[in-house]
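S.K.: Fold the following.
(one chain, ligands or ions: 1)
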Amino acid sequence: MTLLRAAAATAARRGARSAELDLDRLRADFPALEREHDGRRQVYLDSAASSQTPRAVLDAMSRYYLEQRANVHRGDYALAFEATLAYEAARDRIARFLGAPDRRGVVFTRGTTEALNLVAHAWGRRHLGPGDEVLLTVAEHHSNLVPWQLAARARGATLRFLPLTEEGELDLSALDRLLTRRTRLLAVTGMSNVLGARVPLAALVSAARSVGARVLVDAAQLALHERIDLAGLGADFLALSGHKLLGPTGIGVLAARPERLEEMDPFLAGGEMVDDVTLEGATWNELPYRFEAGTPPIAEAIGLGAALDYLEGIGFAAIRAREAALTRHGLALLDAGRGVRLLGPRDPARRAPVFSFSVVDASGDPIHPHDLATLLGAEGVAVRAGHQCARPLLRELGLSAVTRASCAFYTSLAELDALAAAIDHARTFFSRPRARG
Ligand code: PLP
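M.R.: Numbering: from 1, shown residues only. Have a look, this model is predicted:
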């Protein structure tokens, strides 16, 4: 080997090592990833249900509890000022993260579910009427379906559904037929929690706007995988959950165009959301407080702000690169040769590393997803089994349940290898009684 080639090989080895080291260092920020199961490192493949939380988030929340603890927007003393500043700084942080043009459009909620219910209730019941239509997709999480069923029933409106292609992507060719002047709202997931498919949001938003429809994006899954630019996208509403975005539980966001919020009545009523109250009635506070009744989740909002700082410290370019590697690896491992039927697109560019699948055992018989997940869980591989809160989608696919292994940028390729090995073991394990019989 020439000196030059030897030097290049050493540099390449160092590069590979430092990439590996980066992941090790990154994973050290997430205490729960260090957990062991039966003497082995636990494999966490359930980030679509809840991502893990870096220490920086816990530190920010501890700081609030230990040093700034007070209610917000109420007290006339230093602690209360500090708490209020920290809470409102989190709102600014989220507005920046989402590219939201106006902080008055950033409403804290308990999560995506509450944010979607807020829109269905406060916008839907005001703006929908008989003959109006809401266009959803068959891939919606129950959180972006059931609230619209209730609103449509209350207002005499009709729900329509964009279908999927064979590959598990939205069938945009049906848009012309389904999106009409009767469509008042397009309410669509930014990324399905089952299929992991990327959604052509820009095309959907512009199609909806061309018929004068409002647009709501359920970004519960999307937000961890892709940079969101709300102003550029032009959507009217966007909902997300902190716990799926490295943040704490109990906090979510409804980001909306302020003019949409201005034309809505409050969803929850109580303290803070009012301007004046008499025994006979009330007038509403300014935005966004009109939609934040009662004491808000203060520590959780601060924690979410810290989560976004952490996420942006890593950067979406690096996140996309890591996720591309995870997606390619997952697609190579989860294939028919291993008895796996994977849902969603096979093209790595068209999906995130969220893998839902069914498995047949070594004799070709289906393994029930709950049996599979239980066996994997016993081996320290954490996945989710069931209908994934998307029963209509699974029905559409002829399934009642699937197993889902979902990654985030902190997932290692070795964790996907461990999943594949555990699936192999399960396939022999479940075919054993048959072989004996
Ligand atoms: N929408 C999607 C696509 C989801 O995946 C989820 C949760 O899994 C939700 C909405 C509801 O989120 P939350 O339970 O945090 O309110």
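
S.K.: pretty sure residue 239 is in a helix, no?
M.R.: No. Using DSSP: H, G, I helix; E, B strand; the rest coil, the assignment for residue 239 is strand, not a helix.

S.K.: what residues does the stretch 251-400 of the chain put near the ligand?
M.R.: residue 389 (CB under 6 Å from any ligand atom). Every C-beta, even on glycine, is put in place using the N, C-alpha and C of the backbone.

S.K.: Where do the helices of the stretch 251-400 of the chain begin and end?
M.R.: 258-262, 298-314, 316-333, 369-378, 391-396 (DSSP state H, counting those that start in this stretch).

S.K.: Report the mean confidence score over the last one.
M.R.: Per-residue pLDDT over helix 391-396 has a mean of 96.

S.K.: Assess the claim that residue 248 and residue 61 are in contact.
M.R.: Yes. Using CB atoms under 8 Å, residue 248 is in contact with residue 61, at 6.5 Å.

S.K.: can you list residues touching both of these two?
M.R.: By CB atoms under 8 Å, 6 or more residues apart in numbering, residue 248 and residue 61 have these common neighbours: 299, 300, 303.

S.K.: So which of the residues you listed wins on neighbours?
M.R.: residue 303 (29 neighbours; other CB atoms under 10 Å).

S.K.: Quick check: it vs residue 245, distance?
M.R.: Using CB to CB, to the nearest Å, we find residue 303 at a distance of 11 Å from residue 245.

S.K.: pLDDT of stretch 249-256, averaged?
M.R.: Rounded mean pLDDT across stretch 249-256 is 98.

S.K.: residues in contact with that stretch?
M.R.: 50, 94-95, 98, 100, 105-115, 118-119, 230, 236-243, 291, 297, 300-301, 303-304.

S.K.: now do 7 Å
M.R.: Stretch 249-256 is contacted by residues 94, 98, 100, 105-112, 114-115, 118-119, 230, 236-243, 297, 300-301, 304 when judged by CB atoms under 7 Å, 6 or more residues apart in numbering.

S.K.: repeat for stretch 356-368
M.R.: Contacts for stretch 356-368 (CB under 7 Å, 6+ apart): 194-195, 334, 339-344, 369, 372, 388, 399, 402-404, 423, 426-428, 430-431, 434.

S.K.: Span of that stretch from start to end?
M.R.: End-to-end distance for stretch 356-368, by CA to CA, to the nearest Å: 13 Å.

S.K.: Surely residue 24 is in a helix?
M.R.: Yes. Judged by three-state DSSP, residue 24 forms part of a helix.

S.K.: Output the one helix or strand residue 115 maps to as CSV, nothing but the C-alphas.
M.R.: For residue 115, the host element (DSSP states H and E) is helix 112-118. C-alpha atoms of helix 112-118 as CSV (Å, rounded to 0.1, in the frame of the first residue of the first chain):
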residue,chain,number,x,y,z
THR,A,112,-52.0,16.9,19.1
THR,A,113,-55.3,15.4,20.1
GLU,A,114,-56.4,18.4,22.1
ALA,A,115,-55.2,20.8,19.3
LEU,A,116,-57.2,18.9,16.7
ASN,A,117,-60.3,18.8,18.9
LEU,A,118,-59.9,22.5,19.4
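
S.K.: Do me a favour and average the pLDDT over it.
M.R.: 98.

S.K.: can that helix be found next to the ligand?
M.R.: Yes. Using CB under 6 Å from any ligand atom, we find that helix 112-118 touches the ligand at 112, 113.

S.K.: tell me what the helix or strand just after that helix is packed against?
M.R.: Counting by DSSP H and E, the next helix or strand C-terminal to helix 112-118 is helix 125-127. The contact analysis (3 or more CB pairs under 7 Å, 6 or more residues apart in numbering; DSSP states H and E) places helix 125-127 against helix 146-155.

S.K.: Just the buried positions in the helix it packs on, please.
M.R.: 146, 147, 148, 151, 152, 155 (16 or more other CB atoms under 10 Å).

S.K.: For the closest residue to residue 287 other than its chain neighbours, list the residues it contacts.
M.R.: Excluding its sequence neighbours, the residue lying closest to residue 287 (CB to CB, 6 or more residues apart in numbering) is residue 104, at 4.1 Å. Going by CB under 7 Å, 6+ apart, residue 104 touches 258, 287, 288.

S.K.: ok, residue 104 to residue 57 distance?
M.R.: Taking CB to CB, one finds residue 104 at 25 Å from residue 57.

S.K.: cool, residue 261 as well?
M.R.: In terms of CB to CB, residue 261 sits 28 Å off from residue 57.

S.K.: and if you look at residue 334?
M.R.: From residue 334 to residue 57 the distance is 31 Å (CB to CB).

S.K.: more neighbours, those two?
M.R.: residue 57 (26 against 22).

S.K.: what sits up against the helix holding residue 115?
M.R.: Taking CB under 7 Å, 6+ apart as the rule, helix 112-118 contacts 109, 143-144, 147, 218, 220, 239-241, 252-254, 267, 291.

S.K.: Likewise for stretch 26-37?
M.R.: Contacts for stretch 26-37 (CB under 7 Å, 6+ apart): 42, 44, 52, 53, 54, 55, 380, 410.

S.K.: most neighbours, which of those?
M.R.: Busiest of the contacts of stretch 26-37 [other CB under 10 Å] is residue 54, holding 26 neighbours.

S.K.: Ramachandran angles for it?
M.R.: Per-residue torsions, residue 54: phi -70, psi 160 (degrees, to the nearest 10).

S.K.: ok, and the closest non-adjacent residue to it?
M.R.: residue 29 (4.3 Å).

S.K.: Got the confidence number for the one you found?
M.R.: For residue 29, the predicted pLDDT is 97.

S.K.: That one - how many residues pack around it?
M.R.: 18.

S.K.: of the contacts of residue 104, closest to residue 68?
M.R.: residue 288 (21.1 Å; CB to CB).

S.K.: which residues does that closest one contact?
M.R.: By CB under 7 Å, 6+ apart, the neighbours of residue 288 are 104, 105, 106, 107, 261.
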